[in-house]
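> build me a model:
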Amino acid sequence: MLTESERMSSASESRFRLQSPNSKPREVKVFALDAPSDALVRRLAERSWNHATFLTASTFAAADQDKSCGPTHAWLTDLGGCPRSLMDEVGAADLVVMVAMPDGNADAAAAIGAACSDMRVNTAAFISASMSSSEEAVSKTLAQLRPWSLMVVVAKSEDYIEDMLIALRA
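Numbering: from 1, shown residues only. Take a look at the predicted model:
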């Protein structure tokens, strides 16, 4: 009588195995939510990544003041300054990562999070808090991100955020 391991390794059982690896790489979109996090995201973008796109939503607050702007107005840009459509970027993503700093304005998280929710795209958020960041500032930023993210991490260093992006296969 064959053991379970021997039976599963047999030629007759091989027809049930996946014959090719998952060939679709993960598409990760990384959004800087405010002006202070914009510099951090630009530094992260300089590193080598598999399939990560780095974008900035740091002008969201200014665009939000102009009520004539639609939801895909040019408040979302790539790092070269070219306008991007929020819905197109989220639609092409498997994971959206939002990065914010304490004392920044992370209001763009609501628009990005709503788009992710509508399109069923997973979200993660990082708050890059230094030792000098006040608890009040971290709490305010956390309150802006938490409703729109499945995972929120308060990171004490830029290296930690880089390591997390690597772990998330960006």
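
> tell me which element the residue positioned nearest the centre of the chain is part of?
Compute the mean C-alpha point of the chain, and by C-alpha atoms, centre = their mean the closest residue is residue 97, 1.1 Å away. Residue 97 belongs to strand 95-100 when assigned by DSSP states H and E.

> ok, residue 164 next?
Assigned by DSSP H and E, residue 164 belongs to helix 158-167.

> again with residue 88
Element membership of residue 88, judged by DSSP H and E, is helix 86-91.

> mind listing what's buried in that helix?
The neighbour-count check on helix 86-91 (16 or more other C-beta atoms under 10 Å) flags 86, 89-90 as buried. (C-beta placed from N, C-alpha, C; glycine too.)

> cool, and stretch 121-132?
Neighbour counts over stretch 121-132 (16+ other C-beta under 10 Å) mark 121, 123-129 as buried.

> re the thing from before, got the buried residues for the helix or strand following the strand holding residue 97?
Downstream of strand 95-100, the first helix or strand assigned by DSSP H and E is helix 108-119. Buried residues in helix 108-119, counted by 16+ other C-beta under 10 Å: 108-109, 111-113, 115-116.

> tell me where the chain has helices.
Applying DSSP state H to the chain gives helices spanning 4-8, 35-45, 60-65, 86-91, 108-119, 135-145, 158-167.

> ok, and what's touching the fifth one?
When contacts are defined by C-beta atoms under 8 Å, 6 or more residues apart in numbering, helix 108-119 is touched by residues 31, 33-34, 57-58, 60-61, 71, 75, 86-87, 90-91, 93, 96, 98, 100, 121-123, 125, 144-145, 147-149.

> try the fourth one
The list of residues contacting helix 86-91 from outside it, by C-beta under 8 Å, 6+ apart, reads 29, 53, 55, 71-72, 76, 96, 111-112, 115-116, 119, 121.

> how far off centre is that helix?
Computed by C-alpha atoms, centre = their mean, to the nearest Å, the chain-centroid distance of helix 86-91 equals 12 Å.
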